[in-house]
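Novice: Sequence and predicted structure are below.
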Amino acid sequence: MSSLKPQSAVQWLALVLTLLCLLGVAIGSAIGSTGLESWLNIWQDPTAFQIVWDIRLPRSLGAYAAGALLGLAGALAQGLFRNPLADPYLLGSAAGASLGVAVAMALFGSNPFTSEFLGRLGLTGAAFLGAVFAVLLTLLLARGVQHTLRLLLAGVIVGVVLGAMASLITLMRPDVLQGMQGFLLGSTSFIGWNACLLMLAILVFCLVVAFVFSRVLDALSLGEATAMSLGVPLAVTRMGLIAVLALATGTAVAQTGLIAFVGLAAPHLVRSVVKTPYNWMVLLSALMGGVLLLMADLLARMLLSPQEMPVGVLTAVLGGGYLLWLMYRQPQRGDAS
C-alpha cells in the first residue's frame with residue numbers, strides 16, 4: 001500500500017479490514033463443537049439453526065464489537081496522552097472492573113460464566129460500574145484533566161490499589177477464585193444477542209463522538225501549546241475524550257473480561273500501514289481491533305479443539321510478541337539514523 005496515495009491507502013485498508021470482518025464472522029458461525037454440520041444443515045434442522053443463530057453468530061459479532069471498542073479506546077488514549085504505549089486500561093478501568101466483579105461475586109456468590117441471566121447481568125453491571133468508578137477516582141486524584149502527567153500517574157496508582165483490593169477479596173473468599181480467573185483471562189464464550197447489540201450500539205455512539213473530537217486529537221499531536229494557540233478548549237475536550245474512553249473500555253470489559261494488548265496493538269498496526277489524521281485513525285483502529293479479537297477468538301476455538309483456550313491468554317501472547325518485535329526493531333532504526 002506504500003505506493004498508493006495516502007487517501008487511497010486508507011480506503012483500501014478500510015475495505016480489507018471490512019472484508020476480513022465478514023470472513024471472520026462467516027468462519028465463526030461455521031466452527032464449533034459440532035463442526036460444519038450445524039452450519040450446513042441450518043435451514044433443515046431447527047437445532048442447528050439455534051446453534052448458529054443463538055450461539056455462534058452473536059459470539060463472533062460480539063467478539064468483533066468488543067475488539068472494535070478496545071481498538072477505538074486505544075487510539076483515543078494514545079492521541080489524548082500523546083504516548084504510543086498508552087492503552088485503554090491506562091486510567092485504572094481494568095483494575096476497577098476486576099474489583100467490581102470481585103465485590104459482586106463475594107456478595108452474591110455467583111460465577112460469571114455459569115450464573116443465571118440475572119446474576120450475569122449483575123456481574124456485567126458491577127464490572128462496568130467498577131471501571132467507571134476507577135476512572136472517576138483517577139480524575140479526582142489528578143484534580144481534573146489539565147495535567148496529562150498527573151493523569152497518567154493517578155491512573156497507575158488507582159490501578160495498583162484497586163487491583164490489590166480485588167486480590168485481597170479473592171484471598172479472603174477462595175470460593176470466588178475460579179470465577180475471577182475466568183474474568184481475568186477474558187472470554188467471548190457467553191456473549192449473547194443482548195450483549196452483542198449493546199456493544200454495537202455503544203460502538204456507533206463512541207465512533208461518532210470520537211469523529212467529532214478528531215480535529216482536537218490532531219491539534220494535540222502538535223503539542224498542548226499549539227493546540228491552545230489554535231483555540232482548542234483543552235479541559236472540555238479532554239473530559240469528553242476521557243468519557244468516551246471510559247465508556248468504550250468499560251462496555252467491552254464488562255462483557256468479555258480483560259482482553260490484553262488489542263487496544264494497544266490496533267493503532268500501532270494501522271500506523272504501520274498508513275499515515276492518516278485522526279478522523280480516519282479512530283475508524284481504522286476500531287476496524288483493526290475488531291478483526292484482531294475476532295481472529296484471536298477463532299484461533300482460541302480451534303487450537304485446542306474441542307476445548308477452548310481463553311482468548312485473553314492468546315491476545316496477551318500474540319500482543320506481547322508483537323511488542324517485543326517492535327522493541328527489537330526500534331533501536332535498529334535509531335542506530336541507522
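Specialist: The structure has been received and is ready for your questions.

Novice: what about residue 322, distance to residue 265?
Specialist: 6 Å (Cβ to Cβ, to the nearest Å). For every residue, glycine as well, the C-beta is placed using N, CA and C.

Novice: okay, these two: which has more neighbours?
Specialist: Set residue 322 next to residue 265 and count neighbours by other Cβ atoms under 10 Å: residue 265 wins out with 25 against 16.

Novice: in terms of contact, does that one touch residue 319 like I think?
Specialist: Yes - assessed by Cβ atoms under 8 Å, residue 265 is found in contact with residue 319 at 5.0 Å.

Novice: quick one: low-confidence parts of the stretch 151-300 of the chain?
Specialist: Scanning the stretch 151-300 of the chain with the threshold set as pLDDT under 70 gives 222-232.

Novice: show me where it has helices.
Specialist: Taking DSSP state H, counting those that start in this stretch, the helices of the stretch 151-300 of the chain run over residues 177-185, 193-212, 214-220, 224-229, 234-256, 262-273, 278-303.

Novice: For those helices, give me a markdown table that also has distance to residue 60.
Specialist: A markdown table is the format used below for these (distance: least, Cβ to Cβ, whole Å):
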| stretch | distance to residue 60 |
| --- | --- |
| helix 177-185 | 19 |
| helix 193-212 | 9 |
| helix 214-220 | 29 |
| helix 224-229 | 40 |
| helix 234-256 | 13 |
| helix 262-273 | 16 |
| helix 278-303 | 6 |
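
Novice: Residue 125: which of those helices is closest?
Specialist: For residue 125, the closest of the helices of the stretch 151-300 of the chain is helix 234-256, at 7.3 Å, according to Cβ to Cβ.

Novice: Between helix 262-273 and that closest one, find me the angle.
Specialist: Going by axes from the mean of the first three to the mean of the last three Cα atoms, to 10 degrees, helix 234-256 is angled at 120 degrees with respect to helix 262-273.

Novice: so what secondary structure elements neighbour helix 234-256?
Specialist: Other elements packing on helix 234-256 under the criterion 3 or more Cβ pairs under 8 Å, 6 or more residues apart in numbering; DSSP states H and E are helix 57-81, helix 93-108, helix 117-141, helix 193-212, helix 214-220, helix 224-229.

Novice: Highest mean neighbour count across those helices, which stretch is it?
Specialist: helix 57-81 (a mean of 29; mean count of other Cβ atoms under 10 Å).

Novice: And the spatially most central residue of the chain, what's its pLDDT?
Specialist: Central residue of the chain (Cα atoms, centre = their mean): residue 70, 2.3 Å from the mean position. pLDDT recorded at residue 70 is 95.

Novice: pretty sure it contacts residue 261?
Specialist: No - taking Cβ under 8 Å as the definition, residue 70 is not a contact partner of residue 261, at 9.2 Å.

Novice: Using the three-state scheme, assign residue 305.
Specialist: coil (DSSP: H, G, I helix; E, B strand; the rest coil).

Novice: Likewise for the one 3 residues further on?
Specialist: At residue 308, secondary structure determined by three-state DSSP is coil.

Novice: Who are the contact partners of it?
Specialist: Residues counted as contacts of residue 308 (Cβ atoms under 8 Å, 6 or more residues apart in numbering) are 189, 300, 301.

Novice: residue furthest from the geometric center of the protein?
Specialist: residue 44 (37.0 Å).

Novice: Can you tell me the SS state at it?
Specialist: Following three-state DSSP, residue 44 is assigned to coil.

Novice: quick revisit: and the helices of the stretch 151-300 of the chain: which comes nearest residue 155?
Specialist: Closest approach to residue 155 among the helices of the stretch 151-300 of the chain (Cβ to Cβ): helix 234-256, 10.3 Å.

Novice: Residue 7: neighbouring residues, count only.
Specialist: 11.

Novice: how close does it get to residue 13?
Specialist: Between residue 7 and residue 13 the distance is 11 Å, computed by Cβ to Cβ.

Novice: just to revisit the earlier point, closest to residue 142 out of the helices of the stretch 151-300 of the chain?
Specialist: Nearest of the helices of the stretch 151-300 of the chain (Cβ to Cβ): helix 234-256, 10.1 Å.

Novice: Let me know the angle separating the closest one from helix 93-108.
Specialist: Counting by the same axes, to 10 degrees, helix 234-256 lies at 50 degrees to helix 93-108.

Novice: Pipe the helices and strands packed on helix 234-256 into CSV and attach distance to residue 291 per row.
Specialist: As requested, these are arranged in CSV below (distance: least, Cβ to Cβ, whole Å):
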stretch, distance to residue 291
helix 57-81, 7
helix 93-108, 22
helix 117-141, 24
helix 193-212, 14
helix 214-220, 21
helix 224-229, 32
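
Novice: Out of those, flag the one nearest residue 326.
Specialist: Nearest of the helices and strands packed on helix 234-256 (Cβ to Cβ): helix 57-81, 13.7 Å.
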